[in-house]
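**Student:** Curious how this folds, go ahead:
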Amino acid sequence: MRKFNLWLVTYIVGPVFGVIICLLEAVRIIKFRHFNRYPIWEEKLIIVSNHPSLLEPVILPLMGFPWMNFPWVFSPLWSRIKPSLSWAKEFRKEFFLQKKLIPVSVPDKRNYYDKAYMGLIRELNIPVKRDGTAKDRMSTVLALKEVLNQGGRIILFPEGGRTYKAKEKIQSNKGKKLGVLKDGAALLALQTGAKVVPVWIEGTDRFLPNGKLPLPRFWHRITINIGNPFFLDKPVSAKSFRETRKTASYRISQALLEAGDEMG
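**Tutor:** Below you'll find the predicted structure:
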């Protein structure tokens, strides 16, 4: 059943929603900026984003469509076909590449992961207990670390919740606001050496307002700006690993705000 669900999500459900995103982009409801920065074929990525509404967890996992769903169709190897066993071996790797290209999300266990509607895509998610113990949080970190060490991708909203709920915020030079980040994304990037891809999203909270019964407002536009990907270097001057994490989290928050400032 698990394999069937993954097949269904990869080849049917995912592409259906991917086409919807493409159509919304075609009619300019959704606009991607600097998509050329998105490392389509690279493995081991941590995609971090601000979190204005409930819509980002739906849009971001589809950002790699259709490459992540059908990598053998778009594979660069098609342009260098060789009648050899080595080429066939390499192509076989890219045929199964979607296991690494399809990102894993981290929904709250009680509010989202355990819900019935998550049944089909539950295998593509790793739950987090926001009110859980330190052991629960470490279990989530270890599971995400394993995904990255196997060459996979993960999507994190390091504010720990939607931006408007953040008790403490930081602000960019152009007035972009971001909740103070948790250290999870920084910890994973430091321990795995994964590349960090900052993404800034605007307009989702107007398209799908935050509230008890939000209804889409299709006349509002959504803009998704992809910042410059980067690796986190461990600061030489840090006196402890805790200080290293804080410095790394600050670097991620600045990268996100810079991506926001690019939008004006």
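
**Student:** list the contacts for residue 261?
**Tutor:** Residue 261 makes contact with 172, 173, 174, 176, according to Cβ atoms under 8 Å, 6 or more residues apart in numbering. C-beta here means a position set from N, CA and C on the backbone, and glycine is covered the same way.

**Student:** Farthest-apart pair in the residues you listed, please.
**Tutor:** 173 and 176 (8.5 Å; Cβ to Cβ).

**Student:** I'd assumed residue 100 was in contact with residue 150.
**Tutor:** Yes: counting by Cβ atoms under 8 Å, residue 150 does reach residue 100; the two are 7.3 Å apart.

**Student:** Of these two, give the one with the bigger neighbour count.
**Tutor:** residue 100 (20 against 11; other Cβ atoms under 10 Å).

**Student:** secondary structure element for residue 258?
**Tutor:** helix 241-261 (DSSP states H and E).

**Student:** Using PDB, write out the CA atom coordinates for that helix.
**Tutor:** What follows is helix 241-261, C-alpha atoms only, in PDB (Å, rounded to 0.1, in the frame of the first residue of the first chain):
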ATOM      1  CA  PHE A 241      28.300  24.800  19.100                       C
ATOM      2  CA  ARG A 242      25.300  26.700  20.500                       C
ATOM      3  CA  GLU A 243      26.900  30.000  19.300                       C
ATOM      4  CA  THR A 244      27.700  28.400  16.000                       C
ATOM      5  CA  ARG A 245      24.000  27.400  15.500                       C
ATOM      6  CA  LYS A 246      22.900  30.900  16.400                       C
ATOM      7  CA  THR A 247      25.300  32.500  14.000                       C
ATOM      8  CA  ALA A 248      24.200  30.000  11.300                       C
ATOM      9  CA  SER A 249      20.500  30.800  12.000                       C
ATOM     10  CA  TYR A 250      21.200  34.500  11.700                       C
ATOM     11  CA  ARG A 251      22.900  33.800   8.300                       C
ATOM     12  CA  ILE A 252      19.800  32.000   7.100                       C
ATOM     13  CA  SER A 253      17.400  34.700   8.300                       C
ATOM     14  CA  GLN A 254      19.500  37.300   6.500                       C
ATOM     15  CA  ALA A 255      19.500  35.300   3.300                       C
ATOM     16  CA  LEU A 256      15.700  35.100   3.500                       C
ATOM     17  CA  LEU A 257      15.300  38.800   4.100                       C
ATOM     18  CA  GLU A 258      17.700  39.500   1.300                       C
ATOM     19  CA  ALA A 259      15.500  37.400  -1.000                       C
ATOM     20  CA  GLY A 260      12.500  39.500   0.300                       C
ATOM     21  CA  ASP A 261      14.300  42.800  -0.300                       C
END
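
**Student:** Can you point out the buried residues in it?
**Tutor:** Of all the residues in helix 241-261, those buried under the rule 16 or more other Cβ atoms under 10 Å are 244-249, 251-253, 255-261.

**Student:** Return the member of those nearest to residue 23.
**Tutor:** Among the buried residues of helix 241-261, and counting by Cβ to Cβ, the member closest to residue 23 is residue 259, at 25.0 Å.
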